[in-house]
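Colleague: coords below, sequence missing:
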């Protein structure tokens, strides 16, 4: 019977990237996706490729991932419409501007260059912005991509590299089995066997973790997304604001995509829908930020189900209970940019047992102070009102 | 037992008749009508500035249209009629509306969906040129604006509307250069026994054909459209087609009206979470309904061409039946025999409708499947037929929503309402599966484009 070097539960971007990176290292891989690759959060998110504003615990991973975004044509044969438009984070108040200054120094320590822009320079360089802004911070190497293309493109590349990518293959159970793991897939009598197991099941990640006693509370969110008709191209960078109220970008073919607030997510039925009231509020915020959008037509709204952790940071790293099991889920609405890097790091963890990319702050153990090594909780460290370095704003991926 | 407001969406024959029925039973339904005045597409009323008598406007339907308009107008005080109101979103308890430039909400306890139908088109070379309209669009121009789409017009496609619009144009004094049917056409029905059961509808159809012939209008059936020609000014210059047997012909004209029957508007039913099933005759996924027009979600009822395209007469019957079902579900049992009678009349119309759909005016499936590669299919997002075929081949997808995700097809202003019929056929052909296997594009709010300023108004 085949025993794979690694089995992956979940065909989102992280899982497809893990399958590719494992295959490129020569490992035999099976990826089991309940539906279609990239059909959940990886495919329906905002499409921001953003490092700016991330929590320091995420920044090394984000930096790692950004490097992969830059070489996707060579890696997977397509750029998935990735464009380095920059990400401009706006401050509404002087106090927020002070936070941006502080964050600039934090980011610098991780090798991420941010340019602070004064109130006056902002209006000069981005005349389409609304008034009432205190300044901004530009990350020139951030950008955007088409989320609908990325996970499927990684899946195709992984398949070309030899991975066994199985769609419409739901894993109903998994367990430690000898040197590795057994997985029950669909109605098959014979379990799938693998030496390592990677849990990248997104909003369903905590459920998979619970099969191994790694209990953790994972909620769900459904970011409310909106898109306008195509407009003449006028915007440069993706826009975000301190506090994360609204995020907004113009795609190369002219549509403006924006999001604010949450729709309704039903994890059990795998259904999510936007809310009309939230769409109205998002429209108001979008017009405040870019007044000329008042004349634009909204053509579509959508959302998707995203796993969300209590502190807004993902779970990532080895299982504290089960050797050979690795988790990466609960990306809390900002996992798209991280996805390629998450896959690369998981491949290293599975094959080498270690990774050069620091991810300690993301360990699942932070939710189990009694059992964990350090009780490394960012919330515990910074308190509930810890300012922007310590709290993840919803900035759109 | 009442449970909140009764809301009717649409004020065509189905919605109007449902409203009249409810008002006569002492209810005060809210009627939400996207148009500026009631009548729907078929009994559309011109703006007050354009006065034309009912005969000129509706032809054979004049008396029926007048009766319905009168009955509705008489009861207007008893109906909360709201023209110029678009329903752009629906949830299990409320609707989001656009009226007078701002968004607002309306709760509902029971809702009758009667949103009607729209033209079904198959793209061909030149279909995006200035001067090309759908048959319905050509009719709206004449009825609501009292203008023709051109001075020398060719109508092609198939369906009852083809001949009706051509007659209306000829009567208005516009030069109808040709009426070209891809199907055998109405005349093919003469030979079929039992179709006289179509009665009035059938006879008036035949009348349109013979009236056009008498006027010397060129009529041909079994044609295959080839392309719409462009003149030096970039607008329509003529229409090239193949006669049965393969010989090509070209008719000069300055405008074209075309369409291949109608498709039901189902976005609201989708947003409300109704179950759908594939309807082979209409080649479309339609909301499932019980014998009295109830949808699969309690409190949601269906009537008219938005439920299934069966024409104005059946729409009126189904509108009344849906209204009676509402009353029955609120504990008024006195309408059972009337409901049964309506059901029987609707059933009697079925064989004729079936003959129309399957024999006289079948949808040209092959034409849709063989749309040339460089012809634009999704006009909003600029997706041509070869892109659909290439993406289907490269990705192996058989799912229309997956195709949408990969190509943006159906993501634009019309959300696939125009391109879906052809796109699903092209994808099905490319993937080698039956058309129902590719599924249907999901409905997403807003069901029609909404100005951001109108949404923002609601919020402030």
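Modeller: Arrived safely, thanks for sending. The structure displayed is predicted, hence computed values, not measured ones.
Colleague: CA only for contacts and neighbour counts going forward, please
Modeller: Noted.
Colleague: Can you name the residues of chain B sitting close to chain A?
Modeller: Proximity of chain B to chain A (Cα under 8 Å from any Cα of the partner chain) is limited to residues B:89, B:96, B:405-406, B:411-415, B:444-453, B:455-460.
Colleague: 7 Å instead?
Modeller: B:89, B:96, B:405-406, B:412-413, B:444-446, B:448-453, B:455-456, B:458-459 (Cα under 7 Å from any Cα of the partner chain).
Colleague: Strands - which of these land there?
Modeller: B:89, B:96, B:450, B:451 (DSSP state E).
Colleague: doesn't residue A:299 make contact with the last one?
Modeller: Put plainly, it is residue B:451. No: Residue B:451 is beyond contact range of residue A:299, at 8.9 Å (criterion: Cα atoms under 7 Å).
Colleague: one step back: and which of the ones in strands among the residues of chain B next to chain A is nearest residue B:172?
Modeller: Of all these, residue B:450 has the smallest distance to residue B:172: 34.9 Å, by Cα to Cα.
Colleague: OK, contacts around the closest one?
Modeller: By Cα atoms under 7 Å, 6 or more residues apart in numbering or on different chains, the contact list for residue B:450 reads A:297, A:298, A:299.
Colleague: most neighbours, which of those residues?
Modeller: residue A:298 (30 neighbours; other Cα atoms under 10 Å in any protein chain shown).
Colleague: per-residue pLDDT, that one?
Modeller: As predicted, residue A:298 sits at a pLDDT of 97.
Colleague: isn't it right up against residue A:227?
Modeller: Yes: counting by Cα under 7 Å, residue A:298 touches residue A:227, with 5.9 Å between them.
Colleague: got the contact list for residue A:321?
Modeller: residue A:214 are the contacts of residue A:321 under Cα under 7 Å, 6+ apart.
Colleague: Please report how far it lies from residue A:210.
Modeller: 11 Å (Cα to Cα, to the nearest Å).
Colleague: coming back round to it: could you dump the contacts of residue B:450 to TSV with distance to residue A:356?
Modeller: TSV is the format used below for the contacts of residue B:450 (distance: Cα to Cα, whole Å):
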residue	distance to residue A:356
A:297	47
A:298	44
A:299	44
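Colleague: and chain B, which of those reach it?
Modeller: A:297, A:298, A:299.
Colleague: Next, check those residues against the strands and list the overlap.
Modeller: Going by DSSP E, the strands hold A:297, A:298, A:299 from these.
Colleague: Specify the beta-bridge partners of the first one.
Modeller: So the one you mean is residue A:297. Listed by DSSP bridges, the beta-bridge partners for residue A:297 are residue B:451.
Colleague: who's in contact with it?
Modeller: A:228, A:229, B:449, B:450, B:451, B:452.
Colleague: Low-confidence ranges, the stretch 351-460 of chain B, go.
Modeller: Applying pLDDT under 70 to the stretch 351-460 of chain B flags residues B:459-460.
Colleague: got the residue ranges for the helices in it?
Modeller: With DSSP state H, counting those that start in this stretch, the ranges of helices along the stretch 351-460 of chain B come out as B:365-369, B:385-395, B:400-407, B:420-431, B:452-459.
Colleague: okay, these, which one's buried deepest?
Modeller: helix B:420-431 (a mean of 24; mean count of other Cα atoms under 10 Å in any protein chain shown).
Colleague: before we move on, the earlier item: a markdown table please, covering the ones in strands among the residues of chain B next to chain A and showing distance to residue B:334.
Modeller: Shown next, in a markdown table, are these (distance: Cα to Cα, whole Å):
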| residue | distance to residue B:334 |
| --- | --- |
| B:89 | 34 |
| B:96 | 34 |
| B:450 | 43 |
| B:451 | 46 |
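Colleague: Filter these down to just the buried residues.
Modeller: B:89, B:96, B:450, B:451 (16 or more other Cα atoms under 10 Å in any protein chain shown).
Colleague: Can you tell me which of the residues you listed is closest to residue A:245?
Modeller: Using Cα to Cα, these come closest to residue A:245 at residue B:451, 20.9 Å.
Colleague: tell me the contacts of that closest one?
Modeller: Residue B:451 neighbours (Cα under 7 Å, 6+ apart): A:294, A:295, A:296, A:297, A:298.
Colleague: Also residue A:93?
Modeller: Contacts of residue A:93 (Cα under 7 Å, 6+ apart): A:133, A:134.
Colleague: 6 Å instead?
Modeller: residue A:134 (Cα atoms under 6 Å, 6 or more residues apart in numbering or on different chains).
Colleague: average pLDDT for stretch B:268-280?
Modeller: 97.
Colleague: That one: end-to-end distance?
Modeller: 21 Å.
Colleague: Close to chain B: what parts of the stretch 101-250 of chain A are there?
Modeller: residue A:148 (Cα under 6 Å from any Cα of the partner chain).
Colleague: if we go to 7 Å?
Modeller: So the stretch 101-250 of chain A meets chain B at A:148, A:149, A:229 (Cα under 7 Å from any Cα).
Colleague: for the contacts of residue A:297, which one is nearest residue A:215?
Modeller: Nearest to residue A:215 among the contacts of residue A:297: residue A:228, at 41.2 Å, using Cα to Cα.
Colleague: What's opposite that closest one in the beta bridge?
Modeller: The partner residues for residue A:228, given DSSP bridges, come to residue A:298.
Colleague: can you pull the contacts of it?
Modeller: A:255, A:256, A:257, A:296, A:297, A:298, A:299.
Colleague: So which of those residues is the closest to residue B:178?
Modeller: Nearest to residue B:178, judged by Cα to Cα, of these is residue A:299 at 37.1 Å.
Colleague: Please report how far the closest residue in space to that closest one that isn't next to it in sequence lies from residue B:34.
Modeller: Leaving aside its sequence neighbours, residue A:299 sits nearest to residue B:449 (Cα to Cα, 6 or more residues apart in numbering or on different chains; 4.7 Å). Distance from residue B:449 to residue B:34, counting by Cα to Cα: 13 Å.
Colleague: Ok, residue A:308 next?
Modeller: 40 Å.
Colleague: And these two? Which one has more around it.
Modeller: Of the pair residue A:308 and residue B:34, residue A:308 is the one with more neighbours under other Cα under 10 Å, namely 24 against 21.
Colleague: shaky segments in the chain?
Modeller: Using chain A here. Across chain A (using pLDDT under 70), the flagged ranges come out as A:369-397.
Colleague: let's do chain B instead
Modeller: Applying pLDDT under 70 to chain B flags the ranges B:1-3, B:50-57, B:59-60, B:187, B:190-200, B:459-460.
Colleague: which of the contacts of residue B:450 lies closest to residue A:124?
Modeller: The shortest gap between residue A:124 and any of the contacts of residue B:450 belongs to residue A:297, at 26.7 Å (Cα to Cα).
Colleague: give me the number of residues near residue B:49?
Modeller: Other residues close to residue B:49 by other Cα under 10 Å number 7.
Colleague: Which residue ranges of the stretch 151-300 of chain B form strands?
Modeller: Using DSSP state E, counting those that start in this stretch, the strands of the stretch 151-300 of chain B run over B:152-158, B:175-181, B:218-221, B:224-230, B:236-242, B:248-252, B:255-260, B:262-264, B:276-279, B:284-287, B:300-302.
Colleague: could you dump these to a markdown table with mean neighbour count?
Modeller: Formatted as a markdown table, the strands of the stretch 151-300 of chain B follow (neighbours: other Cα atoms under 10 Å in any protein chain shown):
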| stretch | mean neighbour count |
| --- | --- |
| strand B:152-158 | 26 |
| strand B:175-181 | 24 |
| strand B:218-221 | 17 |
| strand B:224-230 | 20 |
| strand B:236-242 | 20 |
| strand B:248-252 | 15 |
| strand B:255-260 | 26 |
| strand B:262-264 | 25 |
| strand B:276-279 | 16 |
| strand B:284-287 | 22 |
| strand B:300-302 | 27 |
